[in-house]
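Undergrad: Predicted model follows, preceded by the sequence.
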Amino acid sequence: MADSTAFSRPAMVDMRVHSLLRYPVKSMLGETVSSMFVDEHGAEGDRRLALLDAETGHLASAKNARLWRGLLKCTANGDTGRVNIGLPDGTTVTADDPGIDDLLSRLLGRAVRLITQRPEGATLVRPDPEKLLELGLDADVGGRILQIAKATPGDAFTDEAPLHAITTATLEHIGVEALRYRPNIVVATPPGYPPYAENDWVGGEIAIGNTWLRVLTATSRCVVPTLEHGPLPRAPQALRTPAAENRWDTGGHGAQPCAGAYLAVTTEGVVRVGDRVTISR
């Protein structure tokens, strides 16, 4: 469970959807949208493509910063109905371009293949994030092999669950931008609302419009939020602050730094920026 914290928990507050985000290609920068259809597979258009490492068979993820942090220099958007990938030099290429695999392999210095269907038992490498901060991003740090998307039906390349939410209270307390934590839903909270209150949502439900979401667990944090994101510099506090203040055992791997919450969809629908957010415990 969480380390002891002194943050008080208000019972009833007015909360709204502050912003909605999706990430068409796993570990690339994503896009903000004004509305988002969600169902048991997650958010429409979210994490529908990923890069497969030709050498190891693992998915490319910036969690393994030594190999894949360059992905965060690329952007992906799907607002035209097809996925477009923006490269660091300012050029754009469609995900279905015949030369996309060679192009991304040259960019990353490693042979990769862009895939649209999640292989059965798909995995990625998750080095110990706190060791990476201590020893450096290029250190050969041990960790674990993570089988992704166990709670996500279909082909989406989510890490653990269909959706991820975080509050403005948590973001403002830590002092980082929402996109570093790669949430789908950012919940605007009123002044005085405590950081890490997402912990208290676990086991409850969230209503947003006509959509109902079940809160599965707090979200354990990897090294990704600390990395450079496009023009944004590194932000070590994105991991160090929750590591000092909010550690939970979310899945049998010991107490992990956490910020935000993982969600499953119980009633599908469209969520919109400005919608009221109601927590039911």
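TA: Arrived safely, thanks for sending. Numbering: from 1, shown residues only.
Undergrad: Just the strands from the stretch 1-150 of the chain, written as ranges.
TA: Ranges of strands in the stretch 1-150 of the chain, per DSSP state E, counting those that start in this stretch, are 15-22, 31-33, 35-39, 42-43, 50-53, 75-77, 84-86, 92-94, 112-115, 123-127, 143-147.
Undergrad: Give me the distance between the most centrally placed residue in the chain and Thr158.
TA: Central residue of the chain (Cα atoms, centre = their mean): Arg182, 3.5 Å from the mean position. Arg182 sits 10 Å away from Thr158, going by Cβ to Cβ, to the nearest Å. Quick note: C-beta positions are derived from backbone N, CA and C, even for glycine.
Undergrad: State the mean pLDDT of the helix or strand containing Asn199.
TA: Secondary structure assigned from DSSP states H and E places Asn199 in helix 198-201. Per-residue pLDDT over helix 198-201 has a mean of 96.
Undergrad: would you list every one of the helices in the stretch 151-281 of the chain?
TA: 168-174, 198-201, 237-245 (DSSP state H, counting those that start in this stretch).
Undergrad: could those go into TSV alongside mean neighbour count and distance to Gly274?
TA: Shown next, in TSV, are those (neighbours: other Cβ atoms under 10 Å; distance: least, Cβ to Cβ, whole Å):
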stretch	mean neighbour count	distance to Gly274
helix 168-174	21	14
helix 198-201	22	20
helix 237-245	20	27
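Undergrad: Mind checking those for the one nearest to Gly90?
TA: Evaluated over the helices of the stretch 151-281 of the chain, closeness to Gly90 peaks at helix 237-245, with 26.7 Å, by Cβ to Cβ.
Undergrad: helices or strands up against that closest one?
TA: helix 129-135, helix 168-174, strand 256-267 (3 or more Cβ pairs under 8 Å, 6 or more residues apart in numbering; DSSP states H and E).
Undergrad: Arg234 is nearest to which of these?
TA: Comparing those by Cβ to Cβ, helix 129-135 comes nearest, at 9.8 Å.
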